[in-house]
Structures are given as structure tokens and as C-alpha cells.
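> quick one: sequence plus predicted model below, questions after.
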Amino acid sequence: MPEKELTAVILAGGEGRRMGGVDKGLVPLAGKPMIDHVIARLQPQVHHLLINANRSHEQYRGLGWPVVADQAGGHAGPLMGMLTAMRHVQASRVLIAPCDTPLLPHDLVCRMWEAATSDVDIVQARDRERVHPVVALLRTALADDLSAALAAGERRIDRWYARHRLTSVCFESHLAFTNVNHESDAQALLPLLDNSRGDYPGA
Ligand SMILES: Nc1nc2c(ncn2[C@@H]2O[C@H](COP(=O)(O)OP(=O)(O)OP(=O)(O)O)[C@@H](O)[C@H]2O)c(=O)[nH]1
Ligand SMILES: [Mg+2]
């Protein structure tokens, strides 16, 4: 079981360029903002949620969770969202997830937590085909190291992860990490969204 104060930080700080510059977390999907689907998946699994966004703060706050902007502007990418998350959370680990993966596993947190042994700094999610590094459980004590890496120009998650004690947890369903990058991805997801048990067709 995760420690009492585990927080999930949902990264919604991107520019949504492949969708014409929209605020992806707020794009309507099956009648609610995309990030609401992510919240619905994560809320039962953690103790607190935090939304990391760089615009539309009023709307995000309206969803009922605190909202924090990136520590430094300039759209430095997901690593900057991760740094922001680490700086805002007191606990030793923080769970990170993107705002555009509405089908996250129901057992995400407990499986990631199990893998976060004392000799592991970073747990990332994977399926049988690929890793999903934006779904991760990070040791918050890495904040200074990440801050220095970002200041030195690092923007690649995989390269920063590789400098630390990293492990992966494999989830069976590749659909669980389906993410929305284009308008057509959102359409393709619609039939899967009402399957609340998480055993998706084709999984
Ligand atoms: N905090 C923060 N999060 C970011 C930033 N850039 C991307 N993200 C988040 O990282 C996750 C994965 O990013 P993408 O799927 O590339 O989303 P995006 O950058 O908004 O979209 P594109 O502009 O089309 O690449 C999403 O949850 C984004 O919100 C950033 O500069 N800051
Ligand atoms: Mg991007």
C-alpha cells in the first residue's frame, strides 16, 4: 500500500501543438474534459491530486484540485512538469501521469508502488511493446539533480532517467496507455471510455 500522503501530479502543461494548440487537458471527451478521465482513474488510487498547468488555471481549479504552473516558463517539456511536481510534494515519492491518457490501469499505483524499493529511484510504466516514461513514480529527492539537468539543457526524459536507478512495471493491456495526440485519437478512444472495469476489448 502506498504511503499515506501519496500525491499524483497530472501534467497538463504542454502546448497541444498536434491538436492545433489546444489545452489538451480541457478538450472534451465523452462529455467531460479529458483530464477528468485521468482524475477518475487516479483519484481512487492516491491520497491527493495536483494539476500542473501553464494556462486555463481557473478552469483547472474548477475541477476541484490545486493547480500549479511550471517552476520555469518556456515550455521546457514534461521534465519541467516533473520538477514542479517534486518541488510541490513533501512525500518521498510522487506519481506522475499525463493529462491525455484516459484509460490508465486501475492497479497502476499499487503495482508501481510495489516496484519502488529502497534501491530504486524511478519506476516507469511500460506495456509489452514500449515504455511510457510520463507515467512514473519518482523519488522527490531527485529534484535538485533534475533542476541542474534542465538548467544544462536536458529535455529528454529517457536520458535523465538513465542517470538514475530505474525500473519498469509491465502492464498487460497496451490500451491502458493510449494517449491522445491528434483529434483522430480522441475519436478512436470513445468506445473504450465507458468500460469502467478496465478490461478493454482486444487487451
Ligand atoms: N508541465 C509541463 N508539461 C508538459 C510540457 N510539455 C508537455 N507536457 C506534458 O507532457 C505530457 C506529454 O506531452 P505531449 O503528449 O507531447 O503533449 P503536448 O506537448 O501538449 O502536445 P504537442 O505539442 O502536440 O507535443 C502531456 O501531459 C503534456 O501536458 C511542459 O512544457 N510543461
Ligand atoms: Mg509535446
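Structure's in. What do you need? Numbering: from 1, shown residues only. Ligands and ions are numbered 1, 2, ... in the order given.

> from here on, just use CA atoms for contacts and neighbour counts.
Noted.

> pLDDT weak spots in the chain?
1-4, 194-203 (pLDDT under 70).

> so which residue is dead centre in it?
In the chain, the residue lying closest to the centroid (Cα atoms, centre = their mean) is A97, at 0.9 Å.

> surely it is in contact with V9?
Yes. In this structure, A97 is within contact of V9 by Cα atoms under 8 Å, at 6.4 Å.

> who's H48 bridged to?
H48 forms beta bridges with T7, as assigned by DSSP bridges.

> hang on, it packs against E5?
Yes. With contact defined as Cα under 8 Å, H48 reaches E5; the gap is 7.1 Å.

> which other residues reach stretch 171-181?
16, 18-19, 100-105, 125-129, 132, 185-186, 198-200, 203 (Cα atoms under 8 Å, 6 or more residues apart in numbering).

> spell out which parts of the protein neighbour ligand 1.
Residues of the chain lying close to ligand 1 (Cα under 6 Å from any ligand atom) are 11-18, 52, 70, 75-78, 80-81, 98-100, 181.

> just the buried ones out of those, please.
When the residues of the chain next to ligand 1 are checked for burial by 16 or more other Cα atoms under 10 Å, the buried set is 11-16, 52, 70, 76-78, 80-81, 98-100.

> circling back: in a strand, the residue nearest to the centre of the chain, correct?
Yes. A97: assigned to a strand according to DSSP: H, G, I helix; E, B strand; the rest coil.

> would you state the strands of this structure in chain order?
In the chain, the strands defined using DSSP state E lie at 7-12, 28-29, 32-33, 48-53, 67-68, 93-98, 122-126, 131-139, 166-170.

> quick check: which of these is buried the most?
Of all these, strand 7-12 carries the top mean neighbour count, a mean of 28, counting by mean count of other Cα atoms under 10 Å.

> okay then, goodbye and thanks.
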